[in-house]
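1. Here is my input; please provide its structure:
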Amino acid sequence: MFYEKCLFLRIFEKTMSCVKKLFVLILVSLGICTDLMSQSPKNEDYILIINSYSENSPWSYNCTVPIYETLLKEYEELTAYTEHMNMLLIQNEEDLSLFKEDFFARYKSPPRLILLLGNPAFALLLDKLEEAWGQKIPILLYTHKLYIGLRETYLQERIITQDEKTPIQDVIRSHPQVTVLFIPDYIKETVNLMHSLIPDMQRLLFLSDKTFLGLQNQDIVESLVRTEYPDIQLTVLTAGDTSVSSLIDSLRNVDARTGVLLSSWTFKSRQGKYVVQSSDLYQTISSYTSSPIFTLNDMAIDKNGLLGGYFYVASSIHDIVIKTVRSVLKGTSGGSIVSPDYARPVFDYQVLEKKGISPYNCPPDTFFYLRPSTFWEQYRLHISMGILLLFFIIFFLLWRIETLGRQRNLQRRELELMRNYRALNCKLSLALDIANIIPWRWDLRAHLIFCDVQHSNSDRSISKKSLEISEEKYFSKIRKSDRDRMKDVCEALIRGDVNKIKEEFLIYRSGRNTPRFDWIEVQAIVEKRDEEGHPVVLTGSSLRITERKRIEEELLKARDKAEESNRLKSTFLANMSHEIRTPLNAIVGFSQILAITDDEEEKKQFVSIIESNNMLLLQLIGDILDLSKIEAGTLEFVRNEVDLNVLMKELESSMRLRRTDAVELRFMDCMPSCCLYVDKNRLSQVLINLLTNAVKFTKEGYIHFGYRLVDEDVLEFYVADTGCGIPKEQLRNVFERFIKLNNFVSGTGLGLSICQVIVERMGGRIWVESDEGKGATFFFTIKYFPIEKVL
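-> The predicted model follows:
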């Protein structure tokens, strides 16, 4: 029987392992399908961009950014969708077929234009694209190399040899709908530039990866150094073969005679169960070395600390992309190869100075990012604005004189309006008193708040002085946790971030007998501004909402209590239906078998099983009754005289009958004599529960228990075992209701929860210490009432 169980478990584990692998594959497929479904075109005119690698590849930004930011605004009827092949994750024809199947299942309607970023997408998808949509759909290839290789070279991640290269000119002759946007990598020019800026360069550290572009550039660099710079030592670090930590260590150890050249750094990494493609290290790579890092293309060097190199400025690439796409959409450039005007040295001026390289050592046609302006360029606007400002001041003074005259006339009219305002204000004050609203005004210049903070509405004997209070004193009456928030809100109103505020806070009020806190709802707006538009007076109202907040709090408590009660009810029914049915099924089943069997040994065995399940059912009913008494608050405690040593020895004798021979059970620590007033039944219930749990989970070793006097009025009990122990993450949950750490061991999950309530009602606390696999020790304390002290 044991062998059959083991065999079944092994078969089950292997089956589950296969199911898990299949499930992960289904999830990945569903994720790809979901991504495609989320951006599927629905009979609309669109541009389809297929990127050979990941979306954060820096060299692809120069092509996609102008399309999304400029071209789509020009062609309002067009939309654009981008698909990323993530070529490092496509390892074989099966992966490629899965990508094609998902891709063409989503994009059924032909696009207006297909833009392929990189040779892999062109070499692997061209035939399928023409099969699906024909040669009428124009295709624009954005590439750094004017050749393509065999299909397997892109799937095997290896360098394309000279014999395997097919010129793109030969390919597009049979595909006239293809236009090539060629952005060459000026590797030789960049290395020459490095050698001129670092004259004593003896070592070249080349950073690349296993992408098509990275492998081909690596081959070019190795050939260039071998033929033209034999005295320079070349070190190649390849993403995938070199970890990020090794890369960082290599960069930190770079000396002043080493030049660092970054081609690209795209690698696969594992995140949980999945393998993903990452290529964002270029954004932070400059922080790991003090040497300048040269690049082969414009990787937003003005933002990430890279020095630059010999390549096209990003703006020139943007212009040629927009120009070429316009031409392709008009149908005037099929079968041609276009490139930007010219490449030149491109550097970040601030990085150049930071690395100690003089800008004067750079070639004359160098383009600098972030280069500081000359004196005239820097202050030309200020000088012009100064002259304009002088004329403006003269004009303002003339205008101001005229304005002051008009203001005098307006003041006369304001006096008349003030008389009407006072009459209206009296009516408004009466309405506010009826509504229990306290109006107030805040003079921001005098830092005074005018409001009634000391009297209720029934007290009409209010002097003028009682309405004035400094803003500091007013805010001091607000509860500390609300004070900073109210200051921030008021500052936002003063700054003009909001037009009106409505907030609630607690405020201190000194009552006649005892101080109290009241909830206040305040609303405020800007009443008056100065000539420059800055607020000088705020006005608002305060409403006491203490009673409303009390009702809201009671409603929230009632709701939480109802939700908790409903949760406990559901949990109780779910657990009890299972725990009651299990022993009942055993009792009924073995009772039926007992009635038909004649073997006395089997009868004894069945009677033992029935008695065991009877005891389990009796314990369950007892726990349920105790739980109901705890919920109803009727759990009774009757103290009487107890000889604790006698009680502990009785428990030792009874529990020894339940243990196995491989377990030593012993009553250890105790006082020579300990007679106290305590509820014997409840104390026994706690100890029996803890000892029973120790017997269940201890197959060999020992179970020791005892007590000690830790204070003059506190007794500490403990039960220690060498069982399976409790995981650390479960220690905080062991005293919760219906918690069973081992579902294969009988029990209700209520015992420890009931023990906790009993111990706390006896004036103590209960806790556990455990190392998983080494055992557990439960401690609890109770109040010590010795008989001598009571007498």
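
2. Tell me the spatial nearest neighbour of residue 524, not counting adjacent residues.
-> residue 540 (3.1 Å; CB to CB, 6 or more residues apart in numbering). (Glycine included, C-beta is placed from N, CA and C.)

3. Help me confirm that the one you found is found in a strand?
-> Yes - assessed with DSSP: H, G, I helix; E, B strand; the rest coil, residue 540 lies in a strand.

4. Please give the number of neighbouring residues around it.
-> Applying other CB atoms under 10 Å, we find 23 residues neighbouring residue 540.

5. Start the count at 45 instead of 1 going forward.
-> Got it, first residue is 45 now, which makes that one residue 584.

6. who's in contact with it?
-> 483-484, 486, 545, 566-569 (CB atoms under 8 Å, 6 or more residues apart in numbering).

7. among these, which ones are buried?
-> Buried subset of the contacts of residue 584 (neighbour count, 16 or more other CB atoms under 10 Å): 483-484, 486, 545, 566, 568.

8. These in strands, which ones?
-> 483-484, 486, 545, 566, 568 (DSSP state E).

9. which one of those residues is nearest residue 624?
-> Set against residue 624, the nearest of those by CB to CB is residue 566 (57.6 Å).

10. Please name the bridge partners of the closest one.
-> residue 547, residue 586 (DSSP bridges).

11. Quick check, it in contact with residue 549.
-> Yes - at 7.2 Å, residue 566 counts as touching residue 549 under the criterion of CB atoms under 8 Å.

12. shared neighbours of the two, anything?
-> residue 530.

13. Does anything pack onto the lengthiest helix in the chain? Which helices or strands?
-> In the chain, assigned by DSSP state H, the helix with the most residues is helix 419-478. Of the remaining helices and strands, those touching helix 419-478 by 3 or more CB pairs under 8 Å, 6 or more residues apart in numbering; DSSP states H and E are strand 481-487.

14. contacting residues around the strand it packs on?
-> 473, 476, 492-496, 515, 568, 571, 580-588.

15. Break this structure into its domains for me.
-> 58-226, 231-353+386-413, 433-477, 479-588, 595-660+663-672, 680-834 (automatic domain parsing).

16. Kindly present the ones you listed as CSV, with separate columns for distance to residue 426 and mean pLDDT.
-> Formatted as CSV, the domains of the chain follow (distance: least, CB to CB, whole Å; pLDDT from 0 to 100):
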stretch, distance to residue 426, mean pLDDT
domain 58-226, 32, 81
domain 231-353+386-413, 22, 88
domain 433-477, 10, 83
domain 479-588, 23, 79
domain 595-660+663-672, 58, 75
domain 680-834, 65, 86
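
17. Go through these and name the closest to residue 368.
-> domain 58-226 (5.3 Å).

18. And the closest one, how far out from the chain middle?
-> Domain 58-226 sits 31 Å away from the centroid of its parent chain (CA atoms, centre = their mean, to the nearest Å).

19. could you list every residue that touches residue 303?
-> Taking CB under 8 Å, 6+ apart as the test, what residue 303 contacts is 238-239, 242, 245, 247-249, 335, 338.

20. From residue 635, how far off is residue 657?
-> 10 Å (CB to CB, to the nearest Å).
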